[in-house]
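1. Take this sequence and fold it.
(one chain, ligands or ions: 1)
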Amino acid sequence: MQNWHKYIPLASSILLILVTSQVPQERKIPTFSQDILPIVQTKCMPCHQSNGVGPFPLVTFADYKKNLRLVKTMALSRSMPPMQVHSDFGEIATTPQLTNLEIVTFQHWINGGAPEGDPIEISAKPSQEFSLESPDTILNSHANLKTKVEGAPYWQVTAIPLGSKPIHLTAFEVAPNSPKSLRHAMIAIAPTSQASSVPYETSGNFPDPSAQLIGVWSPGFPVWNLPANTTYTIPANSTLLVQSFFQPTGKAEDAGYKIAFKTVKQPGAKILKSEVLANENFTIEAGTNPTLSVGKSLERETEVFALIPEARFYCSTVSATLTYPGQSVKTLFQTDRWNPYWRGNYIMPGQIKAPAHSTLLFQFNYANDESCPMNADKIPADIKSGPGLDDELCRMHIFTIEPRASR
Ligand code: HEC
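-> Got it, this is the predicted structure:
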């Protein structure tokens, strides 16, 4: 399941050759200390440090030397940093990607024997608990929660009661106690008061159908931070449900987390609305690679803040488009390779104004033939989704911003 990077897009290797041929030949060989370190400090180290989500630290020269072959494959193929997503509206914020120039520098450095240069003392910046500035509420999960030691990745829900007053939320962030094992967390609000519960495993769906997703936390994606004057109102006596996706690491890790909230006393002039479009009953026949879609046409002008797709291991790519009333089409986002470990927030660059009578269309491409890594060592079988069956998903969470008065 981990071998998604084997699907290295051919296009990027072609680009690399073109880019390389334009570099003057007499350039001196880059060194780690002078040329590589400034790149990797911002683009690799945030995840690749001890206790980071990356499988090994990439901090010192020795770390890079030891993993050079893999680093070369990952960096030159643009497989790391891991979230490749494009939009016609500008850059969607995820961990910054390597630029063409940085890839060329990496290539020259490795081809030139990967020299160290003047040795310098390096230590990974200890990552702060929260990147959100001055959160006003910190919620704690139960103490002493432990992850499974081994086996397949799994989902687990924990509940935190939120009290008897409504909350006007403007931002939230999750800080896992063990970033190594938590791959992402889906955050939802159940409009009923539930006791703080011991964690229970799920199949990846919130057991309470009235739970409304308010966002996802995933390493490398930006914090869920609403634009000025915009709030999401959590009704009084609600329960926060956190569905965590854990990847066992070989030992029992701390499965607890903290959640930071930023709130305001009064609702903003604009409110965030969360809605889900889903295709809940479908079969992906063995040996086929179908496309499923969900969409809606908009009755009035709508501001799109963010999109969160949900799909699993048979999905290969996801795209979202906006068709204007005049029929011109723009891509909201397009993933090169869908990877269910990296389920994150696709916060649109600026809020996108979709005019009345335009259409949002979300397309999910699935592969259930031998090209799917899930079928690597078995004969493809039908994949079903429906009540009690959730081998695959085809769901898009849409977050829009509306004037408060219109509600
Ligand atoms: C947002 C977090 C994040 C960032 C940033 C990141 N990585 Fe990774 N990296 C991971 C994770 C997690 C894995 C494990 C594979 C997976 O789940 O995609 C990984 C795997 C790897 C691997 C091993 C691949 C394998 O096949 O075993 C290498 C090499 C690597 N990363 C290099 C890099 C380099 C070089 C950079 C910077 C240019 C980088 N990574 C940036 C999170 C990150």
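2. Give me the residue at the spatial middle of the protein.
-> G344 (2.3 Å; CA atoms, centre = their mean).
3. Isn't it up against V216?
-> Yes. With contact defined as CB atoms under 8 Å, G344 reaches V216; the gap is 5.8 Å. The C-beta positions use only the backbone N, C-alpha and C, and glycine is treated the same way.
4. joint contacts of these two?
-> H184, I308 (CB atoms under 8 Å, 6 or more residues apart in numbering).
5. In three-state terms, label P380 for me.
-> coil (DSSP: H, G, I helix; E, B strand; the rest coil).
6. mind listing what the nearest residue to it once chain neighbours are set aside touches?
-> Sequence neighbours aside, A286 is the residue nearest to P380 in space, at 4.1 Å (criterion: CB to CB, 6 or more residues apart in numbering). Counting by CB under 8 Å, 6+ apart, A286 touches N368, I379, P380, A381, D382.
7. where exactly do the strands run in the stretch 151-300 of the chain?
-> With DSSP state E, counting those that start in this stretch as the criterion, the stretch 151-300 of the chain has strands at 154-161, 167-176, 182-190, 200-202, 212-217, 224-225, 230-234, 239-246, 257-264, 270-278, 282-284, 291-297.
8. Same list, the ones you listed, but as TSV with distance to the ligand, mean neighbour count and mean pLDDT please.
-> Below are the strands of the stretch 151-300 of the chain laid out as TSV (distance: least, CB to the nearest ligand atom, whole Å; neighbours: other CB atoms under 10 Å; pLDDT from 0 to 100):
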stretch	distance to the ligand	mean neighbour count	mean pLDDT
strand 154-161	15	19	92
strand 167-176	13	21	95
strand 182-190	7	22	94
strand 200-202	21	13	82
strand 212-217	12	22	93
strand 224-225	16	21	93
strand 230-234	25	21	96
strand 239-246	11	23	94
strand 257-264	17	18	96
strand 270-278	25	17	95
strand 282-284	24	19	96
strand 291-297	24	15	97
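9. Serialize the ones you listed to JSON lines and add fields for distance to Q351.
-> Output for the strands of the stretch 151-300 of the chain, formatted as JSON lines (distance: least, CB to CB, whole Å):
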{"stretch": "strand 154-161", "distance to Q351": "29"}
{"stretch": "strand 167-176", "distance to Q351": "15"}
{"stretch": "strand 182-190", "distance to Q351": "21"}
{"stretch": "strand 200-202", "distance to Q351": "32"}
{"stretch": "strand 212-217", "distance to Q351": "15"}
{"stretch": "strand 224-225", "distance to Q351": "13"}
{"stretch": "strand 230-234", "distance to Q351": "9"}
{"stretch": "strand 239-246", "distance to Q351": "25"}
{"stretch": "strand 257-264", "distance to Q351": "19"}
{"stretch": "strand 270-278", "distance to Q351": "10"}
{"stretch": "strand 282-284", "distance to Q351": "31"}
{"stretch": "strand 291-297", "distance to Q351": "18"}
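10. Tell me which residue in the stretch 201-350 of the chain sits closest to the ligand.
-> Nearest to the ligand, among the residues of the stretch 201-350 of the chain, is G220, at 2.7 Å (CB to the nearest ligand atom).
11. and the closest residue in space to that residue that isn't next to it in sequence, how far is that from the ligand?
-> Excluding the flanking residues, the one nearest G220 by CB to CB, 6+ apart is T95, at 3.9 Å. Applying CB to the nearest ligand atom, to the nearest Å, the value for T95 to the ligand is 4 Å.
12. same deal with K378?
-> 22 Å.
13. same question, P199
-> In terms of CB to the nearest ligand atom, P199 sits 22 Å off from the ligand.
14. My read is that that residue contacts V157, right?
-> Yes. P199 lies in contact with V157 (CB under 8 Å); the separation is 6.5 Å.
15. Can you give me every residue that contacts A320?
-> Counted by CB under 8 Å, 6+ apart, A320 has contacts L307, P309, T331, L332, F333, Q334, Y346, L360, L361, F362, Q363, M396.
16. count of neighbours near the fourth one?
-> When you say that, I think you mean L332. Neighbours of L332 under the rule other CB atoms under 10 Å: 22.
17. Buried residues in whichever helix or strand it is part of, which are they?
-> Assessed by DSSP states H and E, L332 sits inside strand 329-335. Residues L332, F333, Q334, T335 are the ones in strand 329-335 that count as buried (16 or more other CB atoms under 10 Å).
18. Bridged to T400, which residues?
-> Beta-bridge pairing of T400 under DSSP bridges involves K273, V304.
19. Run through the residues that contact it.
-> T400 makes contacts with L272, K273, E275, T302, E303, V304, F305, as judged by CB under 8 Å, 6+ apart.
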